[in-house]
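S.K.: Could you look at this predicted model? Sequence included:
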Amino acid sequence: TQLLEQSPQFLSIQEGENLTVYCNSSSVFSSLQWYRQEPGEGPVLLVTVVTGGEVKKLKRLTFQFGDARKDSSLHITAAQPGDTGLYLCAGAHAGGTSYGKLTFGQGTILTVHP
Amino acid sequence: NAGVTQTPKFRILKIGQSMTLQCAQDMNHNYMYWYRQDPGMGLKLIYYSVGAGITDKGEVPNGYNVSRSTTEDFPLRLELAAPSQTSVYFCASSYPQGPGYTFGSGTRLTVV
């Protein structure tokens, strides 16, 4: 079983602060996806990173895939109350019968106070 | 513009009862999945399917069953419900090459 350790589990910050969420594994993934989930809804895909060392930006969110494709980070600059939610990282298994399946981290509950 | 539709939204079952959670997608995705989400545990894969007539077990399949007779539908069957099956269930779909999943809005199931 491939595991993804996500940290921190909880993050409570003030509006305007910066934050980073980490996703680590001892396994290699073909891609790493980040999702955001709001209460009562399903997760929504934010980004997929595929290449080792890849960096993607989505407005104030910056996603990075580790060089060895075992870890990833999500950095939010100047957080806003609208960023509040559950953030999930998910690693895609590569090849064979595992293709398409995702292993999810435990999630980070982010609360941004006005 | 429906995406992935799950029904029901909420359900309370008594121990030993059975039910089927419905999932339908209109994006012509080949792959479909069932996950359960428990607090602090992320999402665990129950079953998945790579196409009509093809299903396989995920990480936590015990107590569940699935079928995939069409590309659009992927129902999840709970036989003999147990309190350990109290959870939020999500259905998702994707293309084989990604870029990621489209999730339904979930079914919150309580077994009492």
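M.R.: The structure has been received and is ready for your questions. Numbering: from 1, shown residues only, chains lettered A, B, ... in the order given.
S.K.: Which of the three states applies to A:Gly82?
M.R.: helix (DSSP: H, G, I helix; E, B strand; the rest coil).
S.K.: Next up, the contacts around it.
M.R.: A:Gly82 sits next to A:Val112 when contact means CB atoms under 8 Å, 6 or more residues apart in numbering or on different chains. C-betas here are computed from N, CA, C, even on glycine.
S.K.: and if you look at A:Gln37?
M.R.: Residues counted as contacts of A:Gln37 (CB under 8 Å, 6+ apart) are A:Pro43, A:Val44, A:Gly85, A:Leu86, A:Tyr87, A:Leu88, A:Gly107.
S.K.: The last one and A:Gln9, how far apart?
M.R.: For A:Gly107, the distance to A:Gln9 under the criterion CB to CB, to the nearest Å works out to 7 Å.
S.K.: Can you tell me how far the residue nearest to B:Asp26 when sequence neighbours are not counted is from chain A?
M.R.: Excluding the flanking residues, the one nearest B:Asp26 by CB to CB, 6 or more residues apart in numbering or on different chains is B:Ala2, at 5.2 Å. In this view, B:Ala2 and chain A are 13 Å apart by CB to the nearest CB, to the nearest Å.
S.K.: Equivalent analysis for B:Ser69, please.
M.R.: Here B:Ser69 is placed at a distance of 20 Å from chain A (CB to the nearest CB).
S.K.: what do you get for B:Pro83?
M.R.: Relative to chain A, and taking CB to the nearest CB, B:Pro83 is found at 22 Å.
S.K.: helix or strand for residue 109, which one?
M.R.: If you meant another chain, say so; for now it's chain A. In this structure, A:Ile109 sits in strand A:108-113 according to DSSP states H and E.
S.K.: that's the wrong chain, I wanted chain B
M.R.: strand B:107-111.
S.K.: Starting from that strand, tell me which strands it pairs with and how they run.
M.R.: strand B:10-13 (parallel), strand B:87-94 (antiparallel) (DSSP bridges).
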